[in-house]
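Participant: Below are the sequence and a predicted model; questions follow.
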Amino acid sequence: MKLDDIGLEAAGHAFRLRTYQPAEPDGPVLVWMHGGAFMFGDLDMPEADQVARRLCERGVAVVSVDYTLAPLDALPELLPAGEPGPGMPPLPPLSQAPRARFPVASLQIVAAFGWAVDNAKSLGGDPRRISVGGASAGANLAASAGLRLRDRGAERPAALALVYPVLHNEVPAVDDELAAMLAPLPPFLTFPPSSMAAINRNYAGDAVTDPYVYPAGHDVRGLPPTLIVNAEADRLRMSGEAFAAELARAGVDTSVVRERGTSHGYLNEVDHPAARRTIDRLATWITAA
């Protein structure tokens, strides 16, 4: 496995890519984005680095994107006491890099895809077999890039791979089954509507209804084949399942999976059996694209 960091610029902001070149490439390439409510995360978190390494071991070249994060203006609403609440892990180190709201990160993913097309062969990949995917907010950015690339009429991803995605401005209401699963979880893991509204405003300002912010409820015809993997005890599962139904109605080849026994963010525990299953699903989907 060979790793390289690449500097790019798009939408007026510098950002980085980290490439993972397999020792024995099979041809597929994945442009991958970590999550973190658009405000947190980096290339070294397990959801970015460890997932990329395990996919690379399966013959998938990975381009992990260190996109520009949104401001931290939502923190007072998410942490009214000024610090994490009971059951909430400490905040990760906060990036000191310049921050920006939508559409900066969204446009950077499109630029990263273009870079991957131009450089796929140097990674042992096929420029016709480049997929786009991510987890949580990163899955949102992947879906947004899918729409932008469709609308530009240029080269498109071979597939999308969305893990516990958030795709709605207002996440559909939970059913009784999911409500019972969420009840014992720490509040930060239940994504209450007030927290989601704060995250939305922080990321997109007044543009929350733009289809490139939250694709659900907009025209999704012509998107590439899409895999959606939802965590079981996760309010955002309602978003992933509803979006999968939209895709199917629009004629998009869609596969949707509920990963049993999981909560949001489980890819950050890459040795968990569910995380291993999800990484295997991703590798299979991307390789077949």
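Facilitator: Thanks, I have the structure now.

Participant: quick one, strands of the protein?
Facilitator: Using DSSP state E, the strands found in the chain span residues 2-10, 13-21, 29-33, 61-66, 130-135, 160-163, 226-233, 254-263.

Participant: Give me the distance between A204 and P93.
Facilitator: A204 sits 25 Å away from P93, going by Cβ to Cβ, to the nearest Å. No exception for glycine: its C-beta is placed from N, CA and C like everyone else's.

Participant: more neighbours, these two?
Facilitator: Neighbour tally, A204 and P93, criterion other Cβ atoms under 10 Å: the higher count belongs to A204, 21 against 9.

Participant: hmm, which helix or strand of this protein has the shakiest average pLDDT?
Facilitator: Taking mean pLDDT, DSSP states H and E as the measure, the helix or strand of the chain with the lowest value is helix 75-78, at a mean of 86.

Participant: buried set for that one?
Facilitator: Residues L78 are the ones in helix 75-78 that count as buried (16 or more other Cβ atoms under 10 Å).

Participant: Not counting it itself, show me its contacts.
Facilitator: Residues outside helix 75-78 that contact it (Cβ atoms under 8 Å, 6 or more residues apart in numbering) are M39, G82, F188, S194, S195, A198, I199.

Participant: PyMOL command for the buried members of the residues you listed?
Facilitator: Those of the contacts of helix 75-78 that count as buried under 16+ other Cβ under 10 Å are selected in PyMOL with:
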select buried, resi 39+188+195+198+199
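
Participant: Among the contacts of helix 75-78, which are located in helices?
Facilitator: Counting by DSSP state H, the part of the contacts of helix 75-78 found in helices is S194, S195, A198, I199.

Participant: Turn these into a markdown table, including distance to L162 and pLDDT.
Facilitator: Converted to a markdown table, the ones in helices among the contacts of helix 75-78 look like this (distance: Cβ to Cβ, whole Å; pLDDT from 0 to 100):
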| residue | distance to L162 | pLDDT |
| --- | --- | --- |
| S194 | 24 | 92 |
| S195 | 21 | 92 |
| A198 | 23 | 95 |
| I199 | 17 | 96 |
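
Participant: Of those residues, just say which sits nearest to A216.
Facilitator: The closest of those to A216 turns out to be I199 (Cβ to Cβ; 15.4 Å).

Participant: Show me the shaky parts of the stretch 151-289 of the chain.
Facilitator: Within the stretch 151-289 of the chain, not a single segment meets pLDDT under 70.

Participant: again, 80 this time
Facilitator: Counting by pLDDT under 80, the stretch 151-289 of the chain contains low-confidence residues at 188.

Participant: dump the residue contacts of A204.
Facilitator: Residues in contact with A204, defined by Cβ under 8 Å, 6+ apart, are R101, F102, D210, V213.

Participant: burial measure for the third one, as a count.
Facilitator: Using other Cβ under 10 Å, D210 has 16 other residues around it.

Participant: likewise the first one?
Facilitator: Other residues within reach of R101, judged by other Cβ under 10 Å, total 19.

Participant: residues touching it, list them.
Facilitator: For R101, the contacting residues are A70, P71, N202, Y203, A204, G205, by Cβ under 8 Å, 6+ apart.

Participant: Distance-wise, check D44 relative to S64.
Facilitator: 10 Å.

Participant: next one: M1
Facilitator: Remark: distance between M1 and S64 (Cβ to Cβ) = 13 Å.

Participant: who's more crowded, the two?
Facilitator: When M1 and S64 are compared for neighbours, S64 comes out ahead with 29 against 13, by other Cβ under 10 Å.

Participant: Please name the nearest non-neighbouring residue to the more buried one.
Facilitator: Once flanking residues are discounted, S64 sits nearest to R18: 4.6 Å by Cβ to Cβ, 6 or more residues apart in numbering.

Participant: So in terms of bridging, what pairs with the one you found?
Facilitator: D5, S64 (DSSP bridges).

Participant: For it, the count of nearby residues, please.
Facilitator: For R18, the number of neighbouring residues by other Cβ under 10 Å comes to 20.
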